[in-house]
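Participant: Give me coordinates for this.
(2 chains)
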Number of protein chains: 2
Amino acid sequence: MNKYVYAFAEGNRSMSDLLGGKGANLAEMASLGLPVPPGFTITTSACQVYLESGAQPVELKQQIDTALADLEKSMGKKLGDGLDPLLVSVRSGAKFSMPGMMETVLNIGLNDSSVQGLAKTSRNEHFAWDSYRRLIQMYGKTVLDISGEPFEECIDAAKVRERVGSDVELSVEAMQELVREFKQIISKETNAQFPQNPNDQLAGAILAVFDSWNTERARIYRRREHIPHNLGTAVNVQAMVFGNAGAGESGLGSGSGVAFTRDPANGDQGVYGDYLPDAQGEDVVSGVRNAHPLDYLNELDPNSYTDLMSNMKKLEDHYRDLCDIEFTVERGKLWMLQTRVGKRTAAAAFRIAISLVDEGVITLDEALLRVTGAQLAQLLFPHFDVNAASTLIGQGTNASPGAAVGEIVFSSQAAIDKAAQGIDVILVRRETTPEDLGGMVAATGILTSRGGKTSHAAVVARGMGKTAVCGAESLRIDTKKGELTTSQGEILTAGDVISIDGSTGDVFLGSVPVTASPIVKLFEQGKKAALVGADPVTAELIESVDRLMVHADAKRRMGVRANADTGPDAERARRMGAQGIGLLRTEHMFLGERRQLIEDLILSESIEQNKVALEALMPLQRSDFTQILEAMDGLPVTVRLIDPPLHEFLPDRVELAVKVAVDTERGEVSETDIKLLAAVNRLSEQNPMLGLRGVRLGLVLPGLFAMQVEALALAACDQKRKGGNPRPEVMIPLVGSITEFSIIRNEVVKVIDSVLVQEKMELEIPVGTMIELPRAAITAGDLAELAEFFSFGTNDLTQTVWGFSRDDVEAAFFSRYLDLGIFPISPFESIDTEGVGELVNEAVTKGRAARPGISCGVCGEHGGDPASIHFFNAIGLDYVSCSPFRVPVARLESGRAALS
Amino acid sequence: MNKYVYAFAEGNRSMSDLLGGKGANLAEMASLGLPVPPGFTITTSACQVYLESGAQPVELKQQIDTALADLEKSMGKKLGDGLDPLLVSVRSGAKFSMPGMMETVLNIGLNDSSVQGLAKTSRNEHFAWDSYRRLIQMYGKTVLDISGEPFEECIDAAKVRERVGSDVELSVEAMQELVREFKQIISKETNAQFPQNPNDQLAGAILAVFDSWNTERARIYRRREHIPHNLGTAVNVQAMVFGNAGAGESGLGSGSGVAFTRDPANGDQGVYGDYLPDAQGEDVVSGVRNAHPLDYLNELDPNSYTDLMSNMKKLEDHYRDLCDIEFTVERGKLWMLQTRVGKRTAAAAFRIAISLVDEGVITLDEALLRVTGAQLAQLLFPHFDVNAASTLIGQGTNASPGAAVGEIVFSSQAAIDKAAQGIDVILVRRETTPEDLGGMVAATGILTSRGGKTSHAAVVARGMGKTAVCGAESLRIDTKKGELTTSQGEILTAGDVISIDGSTGDVFLGSVPVTASPIVKLFEQGKKAALVGADPVTAELIESVDRLMVHADAKRRMGVRANADTGPDAERARRMGAQGIGLLRTEHMFLGERRQLIEDLILSESIEQNKVALEALMPLQRSDFTQILEAMDGLPVTVRLIDPPLHEFLPDRVELAVKVAVDTERGEVSETDIKLLAAVNRLSEQNPMLGLRGVRLGLVLPGLFAMQVEALALAACDQKRKGGNPRPEVMIPLVGSITEFSIIRNEVVKVIDSVLVQEKMELEIPVGTMIELPRAAITAGDLAELAEFFSFGTNDLTQTVWGFSRDDVEAAFFSRYLDLGIFPISPFESIDTEGVGELVNEAVTKGRAARPGISCGVCGEHGGDPASIHFFNAIGLDYVSCSPFRVPVARLESGRAALS
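Facilitator: Numbering: from 1, shown residues only, chains lettered A, B, ... in the order given. Here you go, the predicted model:
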């Protein structure tokens, strides 16, 4: 028989899968001997059965009955008893906290008879009837799904009748009248009576909690937090204690509070919390009434306060971490209602971890496991001053974090022009294309009204560490007219100032003040510089981050490289701790002003023209490479030969076709456009992602790869001649078969050899392959015979393994797929370990079997994603490569991965 | 030490990998004791070393010297000897015959001195000097790469001088003069003398043969014949014998001939061949002089004739198959120069195989292995009458075999209209799109000027068994003007009659007479009907094919199903022997007149409109399914839910955008077009192959799949009610994860159950998945938990595993890839066993582990490809599915695969 119900005494905190976080921690507190109101937990697996089959497991009812009997026995009271009734609460409690997302029903056990008993035992008729009307109201809303309005209307009417301002002031008679009215609402709305049998109340409440797992808001929350939809929630049934049993005499009063063993906002040591006399926990959390600092309890009830302090110390010692707790004092007796390892801000996380190390509570290894890359990333971005006044004018996806303020521009060219004048700008587009790259580089931030986290704008912005808000659909952007219409209908034009928060997706009118990140300074300029002028809390934060980074670097097995395409990027990456470049995208060197050169190359009609075009590109590539090799001197620089389809460098086909047709109609069509359109048509592909690109370009267009390799080899010679230690590596993209690789490799080696002979230099330049097609992974054993390294292009691999293109699918069906739980998270954000990851793992195994020790890295976006980094560590990759700005995150997470 | 040289006595016919076909068979004849001029073979591996490294293996020279010394010893003559010289021939001989592709040098060993010796020993000065000038000429052209022209000019001048009409009539003096002149040509063209050292001649000739492996024509030939480029050729060095040593006296004459042990054209029993007195083998093969039937040798030289007959019997008995041979008689002595298992026509192959069975020479199993699916396919197509006069006006790729005659039409609509009037038409387009489908169905044949064997036109035509010539680039097709310009520049217009041969790619002017296939009649109407009025040879062919098909069916393990989308297709498939439908593409039911209905569905703007559109489609789908289930009663019918992206049903985006822009410019734009364009833009995708299609459609568009399943379930109930045994199966396309499958499967099962309840019927309708994405293959173990069958969509799998789209890559780089040997054959034509095949194999293994015995079939185009069928048999698939017309081929090859 499956066990679906656990008494608190039977569980412990390691059982949160089964008992949920709340249940597991209640059990833990009970076993520590803390005063926890007794109760039991119904497991998440009971919920799962219910959610999957639509019916509760058959064994469940019997097990609940038994647990309830035990509870009644231990309390010496019976549910629904007319003289001295037991009341219980029914609360949800999932594995991962989902605050405010799910249901709670309190005061179960009250009915027309037991309310009398409660009035007598509590000697408080008002309290008893108030509790009863609360039960009916909560039950009606939560279990019976009745709107809250009719209940509120009745309360308002009673307040008018009795001429009082708040519920608490209502008379006992008014409460009794409300109970009558509430029962009528229920019978009217449901054609059934409010259940007088407490067991029916309990059963209904449990089902309601189960059902609340799948409300729309819960699903949305889980999607945002990447919590799987199939976990289900546990249900905690617990004897009620009452913080609202009157303020009482000195030392015998009631009240509720929340407390933290340290300050969760900044990590300061020392207890921190709020207390509200004559109140239930909900009243404290909701903030309806102003709470007092904890000391106030000490004044009212020093015994309870001392107990609380001692319990909190016990908890922090036991959990060896910041705990947050909820407690209630009932007539001078302290009850611990909840605890958990407390949430904290990113800054607090780093400070607390190091504090605990210094206090001798945890080791540095443990401290490292207590902080996350996501927290570090938060510390790297500037933030808007939380206290500043601001007007929200729209919201989109938090596509690339940070805070950016600038004048609106609607075109890439305008961004470049304004930036050249030293003006900060926000590039505002419906969506971005590779043509916008120049403008994105120039802008302080990017705002689009279409696309999500994996849209072009988002991916490129994250790669640059540039703030971006994408898919702000409530904004209407008309770039032709040069107008941005806000959610409120106000029209902004170029030059108007806006502020965008890439960490929240918020868009504000005007200039919101920004606080710079001291941690960026730490990485960019070193600890000493960062500490100059820092306040003590910030200084401690800088120290904490620094110590944990040093420890992560000492512990990690994987190297961390950066994806960088320019000298300045490479320099920055190195300052951020990159140990080389894992992906240098040579096509990025073809953008901007050089676009015309590549257009010439594509449109060249003879071998001679082709040669001329290539010769014009060569010195530019060479000087690019020289800058990068200099910045990364002594470290490996993996250069990917040109990858994207050529028509990416040409104008949009539909726009051009329309222009030519309309111009023809007007009798003013240009020969250039006609020629260009012919080329665009010729190069146009149904599925460019699956077309003529990567190694295929190298095989079809003679001279292109050779030019790039020649430029690289010459640049390396330049750097060596200067006394440097250049370590370039040539990476061939989109390889699917050993023959493709072999042909291009031979060409590459020939070019390198001839340059080295001509320059009279000696240099080792390894030639390796990108693994970004399933076939490359499947035949990795063959490839490793010739390839000197593997670099996994997990973006493209994700596209082909799943058969969807990043450009298309996001708008079309990704949100539906996330809703349906087909993905817990976009596989472009975090690697799909079962599909794509499995293939990567297989390829590593095959590659290493054929060439022991072959260097295997990953250079897709996943290289900067914490969960993916842990996976790559587990399957034995040698390094990850990510955008320069993510390098510290990757270092931290690689260190953590090595420990876990 | 590697052995690179084998004397004939050291080899046998099983060594063709190493010795080439010719060398292995010479060795075999030698070991049978047949009179073979002695010699030795230089192995293909020597050639491979040379081709890969650019240098001969170091051991080679020594081994050749030794073999040559042995040869001189056995012949009692020395190469270049001034008195009695040995002459040798140097001939290529690859594993697979490449007739006329590579080089031969004869008469090696002649020089200024040995020519005198030859004149004396042969007592024929004319013969000796003619042989010498032939050597210099061949050597110049072949080894030294000099153009043939200057040599021909000298010969012509000599003929003028001596006033004779042919070379043979030239005087000895003229020959001697030619030798002088030829030597001058060589020294002028190469700045070096013709080598007098016979060893240098031999070494040069051997290298020339090696080099000839990589001539352009050889590469093209291999590409066409799917012969790998890395095999290399062997070289045979053999003592010369001379069929041109004079007609001689009775019984002592010379001559050469070719012969077959049976008639290779139709398979008739009995020796068959040609003989030419006083001639070398080349003269017979080239057809310069008219040869005599073999009997003529019997008249001239009965001893040699008797020897020849006896040798041929020995060879056929030994090889147990038709052999072809080349022989020479030198002064009354018969020499066997070459043999091999002879090529034969498709018809001859079937007749000979069965003849040999009836003669007790081979078993039926062996007979089955002697015929191929490709041969059977040839027999299934009508052919143009080979004797009919015809004017070739162009040539393209033999995209879909057959012979078709009809009037030219340039549009799908014209094809439909003309066909409705009973007129045969050839649909002529630059390329076809799904919009042309109606026209392709209506037409007798399809001709395009763009695209190859895997273009849309080719794939669809093959699927329909319709004749097609594609990519006839020498034709200019202007569909707007309605003009087809022939290779000769002649302009044809709609209504002109042309004939296209899909088996050769030829396009003829006018109506060329066509011969129908008796074998199609055999399959379509049965043996009895096919035999009516057949001549004896045809009757024997019909019997032979029938017996071998019966045997193949008895032996094969794999089932054969058909891909069919309509009732008539299904009926035809069943007649062809299909054991069910492996792929019913429901989207094909949305074409033609129903296109509007799906357009309505796509453009519907509300759930109500959507519902109306679906309800309009339902009865049409139901009646389609009813027809097919009736035609396939008792056999499984696998129905794939709608797969392609929706915009495939809408007009082309560029064309529509241009139309709207131009119409706007003219002030006459229609609201409908604007609305349509908006929808097309909305649905437009960068990479539709990787977009919203298959299961994704089902998950995003509620009701679409449900409508299809409801129609199918209702149709099945109809068929069962009529007393039939419908066996529908529902197949979900483009699945990548178990969750996708599970959600749709639940929907499908719910619809089926509700139909069955409503119709009060019981029916088993399995629900399975297509495996056409790498992720589906990788996670096949998970999928098999729920999927009741797997069907491998190897077309799409090939696209994603290689990362190229069939629509794009063919034009862009496939021909280059074939040239470079990256593919021996397009992976869309024959399955890529190392990549795609490996993944299929893995998925089968994982699927069977999770669900033992799960039915696994393949429904991609590969299901009809012989090599792929053998692979699928080897990895244990349960069935292949292919177009109805390929079903007999698949049956035959499945039978053969089971034996091998």
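
Participant: what sits against the closest residue to chain B within the stretch 301-450 of chain A?
Facilitator: Chain B sits closest to A:T433 of the stretch 301-450 of chain A, with a gap of 10.6 Å, by Cβ to the nearest Cβ. For the C-beta atoms, the positions are set from N, CA and C on the backbone; glycine is no exception. By Cβ atoms under 8 Å, 6 or more residues apart in numbering or on different chains, the residues touching A:T433 are A:H456, A:D652.

Participant: Name the nearest residue to A:S894, sequence neighbours excluded.
Facilitator: A:R556 (3.9 Å; Cβ to Cβ, 6 or more residues apart in numbering or on different chains).

Participant: in stretch A:507-524, what's buried?
Facilitator: Buried residues in stretch A:507-524, defined by neighbour count with 16 or more other Cβ atoms under 10 Å in any protein chain shown: A:V507, A:F508, A:L509, A:V512, A:V514, A:S517, A:P518, A:I519, A:V520, A:K521, A:L522, A:F523.

Participant: related to what we said a few turns ago, with B:Q686 as the reference, measure out to the residue of the stretch 301-450 of chain A closest to chain B.
Facilitator: Relative to B:Q686, A:T433 is positioned 11 Å away (Cβ to Cβ, to the nearest Å).

Participant: Repeat that for A:Y817.
Facilitator: Taken as Cβ to Cβ, the span from A:Y817 to B:Q686 is 18 Å.

Participant: re the thing from before, which pLDDT value belongs to the residue of the stretch 301-450 of chain A closest to chain B?
Facilitator: Listed pLDDT for A:T433 reads 78.

Participant: Could you check which helix or strand contains the closest residue to A:N298 other than its chain neighbours?
Facilitator: With Cβ to Cβ, 6+ apart as the criterion, A:N298 has its nearest non-adjacent residue at 4.0 Å, and that residue is A:Y305. For A:Y305, the element it lies in under DSSP states H and E is helix A:302-319.

Participant: ok, residues contacting the helix or strand following that helix?
Facilitator: Following helix A:302-319 in sequence order, the next helix or strand is strand A:323-330 (DSSP H and E). The contact list for strand A:323-330 (Cβ under 8 Å, 6+ apart) reads A:241-243, A:245, A:253-261, A:264, A:280-281, A:284, A:297, A:301, A:304, A:308, A:311-312, A:315-316, A:334-343.

Participant: Please, a PyMOL command that selects the buried ones among those residues?
Facilitator: Here is the PyMOL selection string for the buried members of these, based on 16+ other Cβ under 10 Å:
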select buried, chain A and resi 241+242+243+245+253+254+255+256+257+258+259+260+261+264+280+281+284+297+301+304+308+311+312+315+316+334+335+336+337+338+339+340+341+342
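
Participant: So in chain A, which helix runs the longest?
Facilitator: If you go by DSSP state H, chain A has its longest helix at helix A:607-631.

Participant: do that one and chain B meet at all?
Facilitator: No. Contact of helix A:607-631 with chain B (Cβ under 8 Å from any Cβ of the partner chain) is absent, the minimum separation being 15.9 Å.

Participant: Wondering if the following helix or strand past that helix reaches chain B at all.
Facilitator: Going down the chain from helix A:607-631, the next helix or strand is strand A:636-640, by DSSP H and E. No. Residues of strand A:636-640 are not located near chain B by Cβ under 8 Å from any Cβ, the shortest gap being 15.6 Å.
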